[in-house]
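Chemist: Please find the sequence and the predicted model below.
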Amino acid sequence: MPTPPPGSTCWRPGRTRAASGNPRGSPWLPFGSFPGSYRRSGTSQAQGGRMRIGIFGTGGMADALGTQWARAGHELMVSGRSDPAALAARLGASAGTWRETAAFADVVLLAVPAAAIGEVLAEAGPLAGKVLVDCTNDPDLTGTPVASRITTDAHVVKAFNLAHVDVWRMTPPVFDGRPLSVPLCGDDPGALDAVSTLVRDVGAKPVPAGGLDRAALLEATAAFVIGLWFAGEDAQAILTPVG
Ligand SMILES: NC(=O)c1ccc[n+]([C@@H]2O[C@H](COP(=O)([O-])OP(=O)(O)OC[C@H]3O[C@@H](n4cnc5c(N)ncnc54)[C@H](OP(=O)(O)O)[C@@H]3O)[C@@H](O)[C@H]2O)c1
């Protein structure tokens, strides 16, 4: 399994085939890293074991992913602006304020509307050394990617934003015999490793998708594909194998 040199998990224009680690040398395969190639860093939860997961939000995504991760044996705390205790009880979790949940967690799932992120992260306080999983999309399509609006000292990983909440409730999410693939964008190897574990815990396959500078592409993909779905088109059918 090829291991990318430090800081080179993402293909950039102009990189050579050898430099990108891309065995097919094609710009259609833009990533220099492969599943399982993430180096483990000092991030405490990245050992593939039980994680302490804080969930910001009590809506559909919090419920769907929280249910999967509780089932996988992780320890959860939930915070939200209204009645986090109800979801916490359903998940066998504890409930806390934003700040208590931030302090408790190794990994935090940000499952609030894009417009609420600034307010929620300000309330949460320091997240240094923790992993922040950003599953948000911006329905208003302001043109400024949500990822670029997140100010935090956490290691951010963009993930889980492409599939509908009902897909995250599937056990497992498999379509025509193929497990759902979940692209991850982030810069910290330990954080990516932890989120890869959480993807596997829902029965899906993590797909390294480059650094956080590519997170906006995931948001744009979500906007584009969701638009097609709502127009009644088969969004899956537009993506063909390379050859
Ligand atoms: N639904 C999907 O299919 C889907 C799929 C992928 C990604 N996403 C993204 O995931 C995120 C969560 O989506 P969701 O479907 O779980 O939404 P949701 O069911 O509407 O839940 C949103 C949560 O955020 C809270 N919230 C709303 N405004 C807030 C504010 N100003 N301050 C603090 N908390 C606030 C809500 O609290 P209240 O209960 O008090 O309103 C609720 O707990 C969104 O960014 C969405 O784009 C959704």
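Modeler: Thanks, I have it.
Chemist: CA atoms for contacts and neighbours, from now on please.
Modeler: Noted.
Chemist: Flag every residue of this protein that's near the ligand.
Modeler: 57-62, 80-82, 111-114, 116, 120, 135-138, 161-165 (Cα under 6 Å from any ligand atom).
Chemist: Tell me the secondary structure of residue 126, please.
Modeler: The local conformation at residue 126, judged by DSSP: H, G, I helix; E, B strand; the rest coil, is coil.
Chemist: and the gap between it and residue 102?
Modeler: Distance from residue 126 to residue 102, counting by Cα to Cα, to the nearest Å: 8 Å.
Chemist: These two: who's more crowded?
Modeler: The neighbour comparison of residue 126 against residue 102 (other Cα atoms under 10 Å) goes to residue 102, with 28 against 15.
Chemist: re the thing from before, list buried members of the residues of the chain next to the ligand by neighbour count.
Modeler: Burial by neighbour count, 16 or more other Cα atoms under 10 Å: within the residues of the chain next to the ligand this picks out 57-58, 60-62, 80, 111-112, 114, 120, 135-138, 161-163, 165.
Chemist: In helices, which of the residues you listed fall?
Modeler: Cross-referencing these against helices under DSSP state H gives 60, 61, 62, 120, 165.
Chemist: Settle this for me: the first one is touching residue 165, isn't it.
Modeler: Yes: assessed by Cα atoms under 8 Å, residue 60 is found in contact with residue 165 at 6.3 Å.
Chemist: Pull out the buried positions in the longest helix along the chain.
Modeler: Identified as the longest helix of the chain according to DSSP H is helix 215-230. Residues of helix 215-230 classed as buried by neighbour count (16+ other Cα under 10 Å): 215, 216, 218, 219, 220, 222, 223, 225, 226.
Chemist: For residue 134, see how far away the third one is.
Modeler: Just to be clear, that refers to residue 218. Distance from residue 218 to residue 134, counting by Cα to Cα: 11 Å.
Chemist: got a list of what the residue most central in space within the chain touches?
Modeler: Here the mean C-alpha position of the chain is nearest to the C-alpha of residue 159 (Cα atoms, centre = their mean), at a distance of 2.1 Å. Residue 159 makes contact with 133, 134, 135, 182, 183, 184, 185 under the criterion Cα atoms under 8 Å, 6 or more residues apart in numbering.
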